[in-house]
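[1] Just the structure for this:
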Amino acid sequence: MTLDVADRPAIRVLIVDDSAFMRTALSRMVASDPGIEVVGTAPNGTEALERIPVLNPDVITLDIEMPGLNGLETLRRIMDRFPRPVIMVSSVTEKGASATFDALDAGAFDYIPKQLSSASLDILHLRHDLVAKIRAAAAARRASNYDFFSSKPPQAAASDIRDADPSPPAIVAIGSSTGGPRALQEILPALPSDLSVPVLIVQHMPPGFTGPFAQRLNGLCSVTVREAAHRDILRPGVVYVAPAGTHMAVDRSTDSRGSLSLSSHPEKCLHMPSVDIMMKSVAEAFRNLAMGVILTGMGSDGAEGMMAIHRHGGLTIGQDEASCIVYGMPRVCAEAGALTRVVPLSQVPAQIMHATRSRRRA
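    Residues are numbered from 1 along each chain as shown. Model (predicted):
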């Protein structure tokens, strides 16, 4: 017998932050959802580690910058001793962004940004994001049996690449959200420096994070990775990460190679940048020479874009459920019939290289 959603036990949350203001603010945001219960708070990492086995929370929110045992070290001990989803609370600074990516590498489920000044905290904006991520984290914990909440490298899967591909793509467009930073850090370092096509990425991130993320990826990869700029000419072997807070689209009206257009329109999109807007522009500009890849993430952003690429005869790849942190965006694409193939994350780099191998740089 399946429990009705209303009959399910509340999601138990532990909030860890050295700021009393933040503990109160986060507690109020979380408690405003009737399906989530704050079972406790802790002012530092040491107390959090003492309370976890007693309170047994389903999800933990964890401040990164704390005196004594900092958030990153606390996270590592949680992953080692009490594996469960942890959502990091990070300041919007270059140092905070770097620590956030270290936390994601160490097994954090996701993160939310906070302002440097508690007085400027946008509670209404953060509440929706925080509640959605807590719910996704709790659902992922139930579905994955904690496999994703460790820093163990994923096991390689057997290759399943068909020889009968459509025309070799001239561009690769990738969309991702929750779990995306870790997924991209597995995919992009596997691509060769002589990759024959440009790669566009929309990763849902708040302002202040995409620049440091692109720099981090660039240090890990043979290909060049950069945050995209308005009117960038697309070049093979270069990965362009859409800046947070602006949409990224492709235009080939003045240069057959394509150039990037950054814009704040449309303003009413749920996500900015939007995977859909990027991919639909790629489909329109490159038609059957486009390749779309949809990775782990909440929601449905990317479904319309992947369908557009699919309709134009391009190749579309979706990450499979077993390797997703959150099987949301790929699921919607699969259910819409927008995917040519569904593969594990470990196969995505080979899919890209196989599809583009016969294309030569001009």
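
[2] Does the closest residue to Thr46 other than its chain neighbours fall in a helix, a strand, or a coil region?
    Closest residue to Thr46 apart from its sequence neighbours, by C-beta to C-beta, 6 or more residues apart in numbering: Leu69 at 5.2 Å. Backbone N, C-alpha and C define where each C-beta goes, glycine included. State at Leu69, reduced to three classes by DSSP: H, G, I helix; E, B strand; the rest coil: coil.

[3] I'd guessed Leu69 sits against Asn44; true?
    Yes - the criterion here is C-beta atoms under 8 Å, and Leu69 meets it with Asn44 at 6.4 Å.

[4] Looking at the two, which has the bigger crowd around it?
    The neighbour comparison of Leu69 against Asn44 (other C-beta atoms under 10 Å) goes to Asn44, with 18 against 15.

[5] mind listing what the more buried one touches?
    Val16, Asp18, Met66, Pro67, Gly68, Leu69 (C-beta atoms under 8 Å, 6 or more residues apart in numbering).

[6] Can you read off the pLDDT for the last one?
    I take that to be Leu69. Turning to Leu69, the model gives it a pLDDT of 93.

[7] what's it sitting at in phi/psi?
    phi -80, psi 110 (degrees, to the nearest 10).

[8] next SSE after the lengthiest helix in the chain?
    Using DSSP state H, we find that the single longest helix of the chain is helix 123-144. Counting by DSSP states H and E, the next helix or strand C-terminal to helix 123-144 is strand 171-176.

[9] Averaged pLDDT, that following strand. What do you get?
    98.

[10] How far away from the center of its chain is the next helix or strand after that strand?
    Later in the chain than strand 171-176, the nearest helix or strand by DSSP H and E is helix 180-187. Its chain's C-alpha centre and that of helix 180-187 lie 8 Å apart, by C-alpha atoms, centre = their mean, to the nearest Å.

[11] cool, and stretch 268-275?
    In terms of C-alpha atoms, centre = their mean, the centre of stretch 268-275 is found 14 Å from the chain centre.

[12] what's the helix or strand containing Gly211 in contact with?
    Using DSSP H and E, Gly211 falls within helix 210-220. Contacts with helix 210-220, where a contact means C-beta under 8 Å, 6+ apart, come from 94, 97-98, 101, 181, 184-185, 188-189, 203, 205, 224-227, 239, 241-244.

[13] Flag every buried residue along the helix or strand following that helix.
    The first helix or strand that comes after helix 210-220 along the chain, using DSSP H and E, is strand 224-227. Neighbour counts over strand 224-227 (16 or more other C-beta atoms under 10 Å) mark Thr224, Val225, Glu227 as buried.

[14] Run through the neighbouring helices and strands of strand 224-227.
    Counting contacts by 3 or more C-beta pairs under 8 Å, 6 or more residues apart in numbering; DSSP states H and E, strand 224-227 packs against helix 210-220, strand 238-241.

[15] Do you have the strands of this protein handy? List them.
    11-16, 36-42, 59-63, 86-91, 110-114, 171-176, 199-203, 224-227, 238-241, 247-251, 259-263, 290-294, 315-319, 341-343 (DSSP state E).

[16] would you turn the ones you listed into JSON lines with distance to Ile309?
    Output for the strands of the chain, formatted as JSON lines (distance: least, C-beta to C-beta, whole Å):
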{"stretch": "strand 11-16", "distance to Ile309": "36"}
{"stretch": "strand 36-42", "distance to Ile309": "37"}
{"stretch": "strand 59-63", "distance to Ile309": "35"}
{"stretch": "strand 86-91", "distance to Ile309": "32"}
{"stretch": "strand 110-114", "distance to Ile309": "27"}
{"stretch": "strand 171-176", "distance to Ile309": "7"}
{"stretch": "strand 199-203", "distance to Ile309": "12"}
{"stretch": "strand 224-227", "distance to Ile309": "22"}
{"stretch": "strand 238-241", "distance to Ile309": "17"}
{"stretch": "strand 247-251", "distance to Ile309": "12"}
{"stretch": "strand 259-263", "distance to Ile309": "17"}
{"stretch": "strand 290-294", "distance to Ile309": "4"}
{"stretch": "strand 315-319", "distance to Ile309": "6"}
{"stretch": "strand 341-343", "distance to Ile309": "13"}
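
[17] okay, these, which one's buried deepest?
    Among the strands of the chain, strand 290-294 has the highest mean neighbour count (mean count of other C-beta atoms under 10 Å), at a mean of 30.

[18] Now do that one: which elements does it pack against?
    strand 171-176, helix 275-286, helix 303-311, strand 315-319, helix 329-335, helix 348-356.

[19] on that earlier part again, any chance of the buried residues of strand 224-227 in CSV, with pLDDT and distance to Gly297 too?
    Shown next, in CSV, are those (pLDDT from 0 to 100; distance: C-beta to C-beta, whole Å):
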residue, pLDDT, distance to Gly297
Thr224, 98, 25
Val225, 98, 19
Glu227, 98, 20
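
[20] Closest one of those residues to Ala140?
    Val225 (27.2 Å; C-beta to C-beta).

[21] show me what contacts the closest one?
    Leu188, Ala214, Gln215, Leu217, Asn218, Val238, Val239, Val241.

[22] Find the pair from these with maximum spatial separation.
    For the contacts of Val225, and using C-beta to C-beta, no pair is farther apart than Gln215 and Val238, which are 14.3 Å apart.

[23] Not counting its neighbours along the chain, what's nearest Arg331?
    Using C-beta to C-beta, 6+ apart, the closest residue to Arg331 is Glu321 (7.1 Å).
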